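**Student:** Just need the structure, nothing else, for what follows:
(2 chains)
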Amino acid sequence: MSEMLRLTGVRKSFDGTEVLHGIDLAVNKGEVVAVLGPSGSGKTTLLRCANFLERADAGTLSLGGETYDLARATHREVAAVRRRAGFVFQSYNLFRNRTVLGNVTEGLVVARKVPKTEAEARAHEMLEHVGMDDRCDAYPAALSGGQQQRVAIARAMATDPEIIYFDEPTSALDPELTGEVLAVMRRLAEEGMTMLVVTHEMSFARNVADRVVFMEAGRVVADAPARDFFERPANDRVRAFLRTVDASAT
Amino acid sequence: MDSATIELLVDALPKIFIAGVTVTLPLALVSFAIALVIATVVALIQYARVPVLRQIARFYIWVVRGTPLFVQLYIVFFGLPDLGITLDPLPTAILVLSINTGAYSAETMRGALESVPAGQAEAGYCVGMSYLQVMRRIVLPQALRTAFPPLSNELISLVKDTSLASGIMVTEMFRATQEIVSREWVTMPLYLEVALVYLLFSTVLTWLQRVGERKLAAQGMERG
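**Tutor:** Modelled structure (predicted):
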């Protein structure tokens, strides 16, 4: 399997407190990697650094064969990285002043200069895929959280990214709405999309992810195939974490 | 009220109203349009934290909001000729009113820009848009919608504030009334009459504001 993404030595401080102490992480083409760990372990920050939503203090990013300096990448390089990746946010962040269809075409028409009719055809296809094409004329405010997140996934897929980052995609959803989003993500995984998923959904990590990276206090504490991670925990910290999530799962 | 006064009021109404439609409203609308441009630029400078320009923007807002509009009109109209700069009444009024309203609206716009969640811009960057594209297509339109009600208030204030331009020889609606008063020696009825015409203008604008807000809400932009 060829490598799609490699993060090396990622460091990041906020106000003098280091939250990422040199993270190494790799994702192969077509692989689904779940990043687990307690709140505040730096999972989200790592994802945001990978797409330059935060500037890392140090570290490199290799994406599809190109290598970038996370701390010193130029505007042009940042734009290049973002054109090759998709990002799904915890709070969806659909453009509030665009319809569902407009949300999906925006990146194609504005950033990639795809002709409007072609972009719309592509958008309808993506929305069909996530089961939202019948709401293509609605504004985000009229949709449920689960529907908004499915549109956000369609938006991320529309630009044909080499990898999609998911930042806790179901954490803001009511429990009865997480299922529809996870189903879309599972289907995406089955179709061979490369995905890096920060999540608290143990079932997704166990049943959909190929590999689990476990972070704690800004370090990678375990990195194992998903089955091994749950059935043969690598160390005490993983065991302690699995006990707490087991206890909270009913 | 005797019939002579009623006749005078009926005669005066078209004169007052025409001055309102041909001077007061154009003066307010042109000044407001310029003010919006000033406000947007000044707000964006602060939002983007442009060094130096940002300090200049703060200074402009501080001075203009901290001094009376009437005094500003006098400084430009009666004061600047001392420096060899002489402007006609109407251009002076447009200049001062737009600079004055621009300062207030800049603060409104800045607040509206800052109220757009950071995630909106981040989502724009993540679909590959540039900073300028994100500002023009995502952040500014949302900020303008948030700013719509307070900006409407500022326009209504401005329509009434144009009456201060009477002090620098602009024959807008209030000065037109004063001229009738000094000719006819009738005060209270005429001043009440012009007040009612201002009220009419404000009422129409308030109604337009409500129509506009309803239109924006229909586009899914009600907040929440």
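
**Student:** In which helix or strand does the residue with the largest distance to the centre of chain A reside?
**Tutor:** Outermost residue of chain A with respect to the C-alpha centroid, by CA atoms, centre = their mean, is residue A:117; its distance is 28.4 Å. In the assignment (DSSP states H and E), residue A:117 maps to helix A:116-129.

**Student:** How far away from the center of its chain is the host helix or strand of residue A:48?
**Tutor:** Residue A:48 is part of helix A:43-50, with elements assigned from DSSP H and E. Mean-position distance between helix A:43-50 and its chain equals 9 Å (CA atoms, centre = their mean, to the nearest Å).

**Student:** Please apply the same query to stretch B:187-196.
**Tutor:** The chain centre lies 24 Å from the centre of stretch B:187-196; the measure is CA atoms, centre = their mean.

**Student:** Would you indicate which residues of that stretch are buried?
**Tutor:** Buried residues in stretch B:187-196, defined by neighbour count with 16 or more other CB atoms under 10 Å in any protein chain shown: B:190, B:193-194. Every C-beta, even on glycine, is put in place using the N, C-alpha and C of the backbone.

**Student:** Helices - which of those land there?
**Tutor:** Cross-referencing these against helices under DSSP state H gives B:190, B:193-194.

**Student:** Low-confidence stretches in chain B?
**Tutor:** When the per-residue scores of chain B are filtered using pLDDT under 70, the ranges that remain are B:219-224.

**Student:** how far off helix A:116-129 does the helix or strand harbouring residue A:182 point, in degrees?
**Tutor:** Per DSSP H and E: residue A:182 is located in helix A:175-190. Interaxial angle, helix A:175-190 versus helix A:116-129 (axes from the mean of the first three to the mean of the last three CA atoms, to 10 degrees): 110 degrees.

**Student:** Following element in sequence after helix A:175-190, please.
**Tutor:** Taking DSSP H and E as the definition, the helix or strand that follows helix A:175-190 towards the C-terminus is strand A:195-198.

**Student:** Report how many residues lie close to residue 64.
**Tutor:** Went with chain A since none was named. The burial count assigned to residue A:64 is 15, neighbours taken as other CB atoms under 10 Å in any protein chain shown.

**Student:** let's do chain B instead
**Tutor:** Residue neighbour count, defined by other CB under 10 Å, stands at 18 for residue B:64.

**Student:** What of residue A:143?
**Tutor:** Counted with other CB under 10 Å, the neighbours of residue A:143 add up to 19.

**Student:** follow-up on the earlier one: let me know the closest of the buried residues of stretch B:187-196 to residue B:34.
**Tutor:** residue B:194 (25.7 Å; CB to CB).

**Student:** helix or strand for the nearest residue to residue B:216 once chain neighbours are set aside, which one?
**Tutor:** Computed as CB to CB, 6 or more residues apart in numbering or on different chains, the closest residue to residue B:216 that is not its neighbour in sequence is residue B:145, at 5.2 Å. Secondary structure assignment for residue B:145, by DSSP H and E: helix B:140-161.

**Student:** Not counting its own residues, what contacts the next helix or strand after that helix?
**Tutor:** Going down the chain from helix B:140-161, the next helix or strand is helix B:173-184, by DSSP H and E. Residues outside helix B:173-184 that contact it (CB atoms under 8 Å, 6 or more residues apart in numbering or on different chains): B:8, B:12, B:15-16, B:19-20, B:23-24, B:162-163, B:165-166, B:169, B:171, B:187, B:190-191, B:193-194, B:197-198.

**Student:** which stretches of chain A have low pLDDT?
**Tutor:** Counting by pLDDT under 70, the low-confidence segments of chain A come to A:1, A:247-250.

**Student:** Most proximal residue of it with respect to chain B?
**Tutor:** Across chain A, the shortest distance to chain B (CB to the nearest CB) belongs to residue A:139, at 2.3 Å.

**Student:** That residue touches residue A:96, doesn't it?
**Tutor:** Yes - with contacts defined as CB atoms under 8 Å, residue A:139 counts as touching residue A:96 at a distance of 7.3 Å.

**Student:** Tell me where the chain has helices.
**Tutor:** By default, I'm working from chain A. Assignment of helices within chain A using DSSP H yields the ranges A:43-50, A:75-84, A:100-106, A:112, A:116-129, A:145-158, A:175-190, A:202-207, A:226-231, A:236-248.

**Student:** you looked at the wrong chain, it should be chain B
**Tutor:** B:3-19, B:25-47, B:53-65, B:69-74, B:89-115, B:118-126, B:131-134, B:140-161, B:173-184, B:188-216.
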